[in-house]
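Asks: Provide a 3D model corresponding to the input given below.
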Amino acid sequence: MKLITSRAGSYLTGTEIADAVMRYGLALARKQELDLIEIPFVSNDGSVRRAQFTIGWQVETASISRVEPSDELLEADTAQLLNAKADQVGVITARPFSAEELADFATVQVDYVESC
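Replies: Numbering: from 1, shown residues only. This next block holds a predicted model:
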């Protein structure tokens, strides 16, 4: 179980759901976008309820692992939906330079680099 915290509050939810929320929030932030999501959470009285809140660009969201043992909250559809949305947003990925690209760097004049 993980505790999701945001400006809207704190919500104890399943690890898979919390990880999907964080992944989708990061993908949205990288694209400077927002979305309203809905997740299940365990309330103080132990009942399962639902929360809606905004994630993404300029919205602080954190996920904190719980140490104490508790039953894991599972809702595969929610986690799959959030992961699918993250995939649709797309994530900017980097790759290592190829040998040709690295060779191009070797041809830059040192005088030019020092003057910058």
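
Asks: helices and strands of this protein: which one has the lowest mean pLDDT?
Replies: helix 110-115 (a mean of 53; mean pLDDT, DSSP states H and E).

Asks: how about the helices in the chain?
Replies: Applying DSSP state H to the chain gives helices spanning 15-30, 76-89, 99-106, 110-115.

Asks: Least confident of those, on average?
Replies: Lowest mean pLDDT within the helices of the chain: helix 110-115, at a mean of 53.

Asks: Count the neighbours of residue 58 for me.
Replies: 8 (other C-beta atoms under 10 Å). Where you see a C-beta, it was placed from the backbone N, CA and C, and this is true even at glycine.

Asks: Kindly reformat the helices of the chain as TSV containing mean neighbour count and distance to residue 9.
Replies: Formatted as TSV, the helices of the chain follow (neighbours: other C-beta atoms under 10 Å; distance: least, C-beta to C-beta, whole Å):
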stretch	mean neighbour count	distance to residue 9
helix 15-30	21	13
helix 76-89	16	18
helix 99-106	8	47
helix 110-115	8	50
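
Asks: is it possible to export the ones you listed to a markdown table including distance to residue 42?
Replies: A markdown table is the format used below for those (distance: least, C-beta to C-beta, whole Å):
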| stretch | distance to residue 42 |
| --- | --- |
| helix 15-30 | 11 |
| helix 76-89 | 14 |
| helix 99-106 | 50 |
| helix 110-115 | 56 |
